[in-house]
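1. What follows is a predicted structure for the sequence shown.
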Amino acid sequence: MEKRRVGIMGGTFDPVHVGHLILGERAYEQFQLENVLFMPSGNPPHKPDRRGRAALLERIEMVRLAIAGNPHFTLSLAEAHEEGYTYTRETLERLCAEHPDTEYYFIMGADSLFSFENWKNPERIAQLATLVVATRDHVNETELELTAERLEKLYGAKIRVLSTPNLDISSQMLREWIAEGKSARYYVPDAVLRYIHDTKLYQQGADGNV
Ligand SMILES: Nc1ncnc2c1ncn2[C@@H]1O[C@H](COP(=O)(O)OP(=O)(O)OP(=O)(O)O)[C@@H](O)[C@H]1O
Ligand SMILES: O=C(O)c1ccc[n+]([C@@H]2O[C@H](COP(=O)([O-])O)[C@@H](O)[C@H]2O)c1
């Protein structure tokens, strides 16, 4: 029996931006996914110092607002806990056990693929999900393909390249812009922009909080 195909767009989403949304939408289309789970990471292991950043509940709310109009995007709270670090391996282990009829596609940017070997149990993650990677930071195409091939050999990973143009956007850039009083309009959905404005998120960047 053919399995259901579900995408996972995991991230810190501090804040969520159109880059994340475009990746989710392209993956939905390219891999005929049933839906894409937007999964804010409660306590990302590689970003230990999150002082001065948006709280988990604020990041969740921004994701909720960002995906509200898309029927095949779903907010997943599978990693919405702050005790301990949130590890993809543990999340996938749980999801696969709970949904044996589902094949997961874990969506990421090239920067995430380049650091994949440093994730916890990459070999196990490679068995539990197909990795879908989008170009980023104008990486050299050959370098991306060579990295994918190496990880395929090393871990038996299934890696698929998402067909997206390079999207010049990052949460860090937006935090800096907002701190400097610049407009982030069109880079972030209007509802998220309003939320950031109303909650005054990211505005104290001048003292090093971005
Ligand atoms: N513009 C983009 N192009 C491709 N992938 C992206 C882009 N922005 C984010 N991603 C990917 O989305 C996932 C979640 O990203 P994250 O929430 O950390 O956003 P970010 O913009 O990378 O944040 P920051 O700038 O704070 O590091 C990661 O796998 C990241 O590589
Ligand atoms: O499990 C790990 O070791 C691990 C290490 C780095 C990143 N991740 C996951 O990769 C996704 C993107 O991370 P980030 O920090 O770019 O938002 C997010 O779902 C993280 O939980 C996971």
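-> Everything's here; your move. Owing to the predicted nature of the structure, the values given are computational and were not obtained by experimental measurement. Ligands and ions are numbered 1, 2, ... in the order given.
2. rest of the way, CA atoms for contacts and neighbours
-> OK.
3. Quick one: residues in contact with stretch 42-49.
-> The contact list for stretch 42-49 (CA atoms under 8 Å, 6 or more residues apart in numbering) reads 12, 56, 79, 80, 81, 82, 83, 84, 85, 86, 87.
4. buried set for that stretch?
-> For stretch 42-49, burial by neighbour count (16 or more other CA atoms under 10 Å) applies to 42, 43, 44.
5. and what of stretch 20-35?
-> Buried, per 16+ other CA under 10 Å, within stretch 20-35: 20, 21, 23, 24, 25, 26, 27, 28, 33, 35.
6. which is the next helix or strand following the helix ranked longest in the chain?
-> Longest helix in the chain, counting residues (DSSP state H): helix 141-155. Per DSSP states H and E, the first helix or strand lying C-terminal to helix 141-155 is strand 159-161.
7. strand partners of that following strand, parallel vs antiparallel please.
-> Here strand 159-161 is paired, per DSSP bridges, with strand 129-134 (parallel).
8. The strand it pairs with vs ligand 1: in contact?
-> Yes: interface with ligand 1: strand 129-134 contributes residue 134 (CA under 6 Å from any ligand atom).
9. just the helices in the protein please.
-> Taking DSSP H, the helices of the chain run over residues 18-30, 56-67, 88-98, 110-114, 122-128, 141-155, 171-179, 190-199.
10. which one of these lies closest to residue 73?
-> Closest approach to residue 73 among those is made by helix 56-67 (6.1 Å; CA to CA).
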